[in-house]
Structure formats: C-alpha cells, structure tokens
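Participant: Here's a sequence, model it:
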Amino acid sequence: MKFVIQRVHHASVTVNEKVIGQIGKGFLVLIGVSNDDTKETADKLVKKLVGLRIFEDENGKTNLSLADVDGSLLLVSQFTLYANCKKGYRPSFIEAGAPDMANEMYEYIISECKKTIPVVERGEFGADMKVELLNDGPFTIVLDSRDL
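Facilitator: Numbering: from 1, shown residues only. Below is the predicted model of the structure:
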C-alpha cells in the first residue's frame, strides 16, 4: 500500500464537473493498493498518517499533527501509484490491486480515518477525477507499507 501525502492549504476533487470532496487545511492523500495489502497493512498506514507531525508550531518546527491544527483529510484512490515503468514506455499496472479488493480497502481506510479525524472527504473510486490543491511548503511524503 502506498500513501502520497501532501500538506495543503486547500484541495478538492471534481467528477463530471461537480465538486464531490473538498477540504481546507489538511492532507490530500493519494492511495494506491496492491493485491498483497490487508486491513492490517491499512491500519499501520492510517496510524502513521493521522499521527504525522508535519504542521509548523509557533517556532516554525514541524511538530503538529492534523488533530493539533484541526486539519482535514481528502482521500483519493489512485491505482497509478503502482505503475511499473521498468520495460518500455507504457506503464504496466499489474501490481495494482484488483478493483473490487482495492475499493474495499479504500472504503476501509476512509472508515478508519473517520474514527480519529472529524472531517474526512473523498474522491470516487474508479472515476475520472480532477484533483486541485494548493500544496503547503511544498510538503509531500510518501508512505510505502514495504518500508514501514
């Protein structure tokens, strides 16, 4: 499982020219699921995500978490995080999770995040989404379950 976490001033997701999810200060998280991922994998990444202290405190140090700054989450599924570009120029997505399983994991991640973060917005699994954001920093972190 991979999370690409971007600290944002604001972010939104649009499907068919309609905004379906938007947040102010918080994290935009792009979520990739592989066939090997489990709820235990998701639990580990969600715990790390909601505990990340990457907002600045009064001294300009990155010491504050989402909860400390009343931040929100915008969670967006993105199977292309598992693109394999080793051969040729056309990416292979064979490492991405099967759609039914990946969607189940995505829904699980959303429900787990809602247990600790009051505002959790989302994209639409499998849809053609337009994602807009104002990255704060820029500050982007990649969490890969293979590295945790």
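Participant: counting contacts, what elements does the top strand by length along the chain pack onto?
Facilitator: Longest strand of the chain, by residue count under DSSP state E: strand 129-144. Packed against strand 129-144 by the contact rule (3 or more Cβ pairs under 8 Å, 6 or more residues apart in numbering; DSSP states H and E) you find strand 2-15, helix 39-51. Just so you know, the C-beta spots here come from the backbone N, C-alpha and C atoms, and that holds for glycine as well.
Participant: Tell me which of these is the most buried.
Facilitator: Comparing those by mean neighbour count (mean count of other Cβ atoms under 10 Å), strand 2-15 comes out on top with a mean of 20.
Participant: Now whatever residue is furthest in space from the centre of the chain: which helix or strand?
Facilitator: When each C-alpha in the chain is compared with the mean C-alpha position (Cα atoms, centre = their mean), residue 88 comes out farthest, at 28.2 Å. Residue 88 is part of no helix or strand, with elements assigned from DSSP states H and E.
Participant: Show me the residue at the heart of this protein, geometrically.
Facilitator: Most central in the chain (Cα atoms, centre = their mean) works out to residue 29, at 2.0 Å.
Participant: List the contacts of that residue.
Facilitator: 3-6, 49, 73-76 (Cβ atoms under 8 Å, 6 or more residues apart in numbering).
Participant: mind redoing it with 6 Å?
Facilitator: 3, 5, 75 (Cβ atoms under 6 Å, 6 or more residues apart in numbering).
Participant: and if you look at residue 120?
Facilitator: Residue 120 makes contacts with 73, 113-114, as judged by Cβ under 6 Å, 6+ apart.
Participant: make it 8 Å
Facilitator: Contacts of residue 120 (Cβ under 8 Å, 6+ apart): 72-73, 75, 110, 113-114.
Participant: tell me the phi and psi of it?
Facilitator: Dihedral angles phi and psi of residue 120 (degrees, to the nearest 10) take the values phi -130, psi 110.
Participant: Could you say which helix or strand holds residue 111?
Facilitator: Judged by DSSP H and E, residue 111 forms part of helix 99-114.
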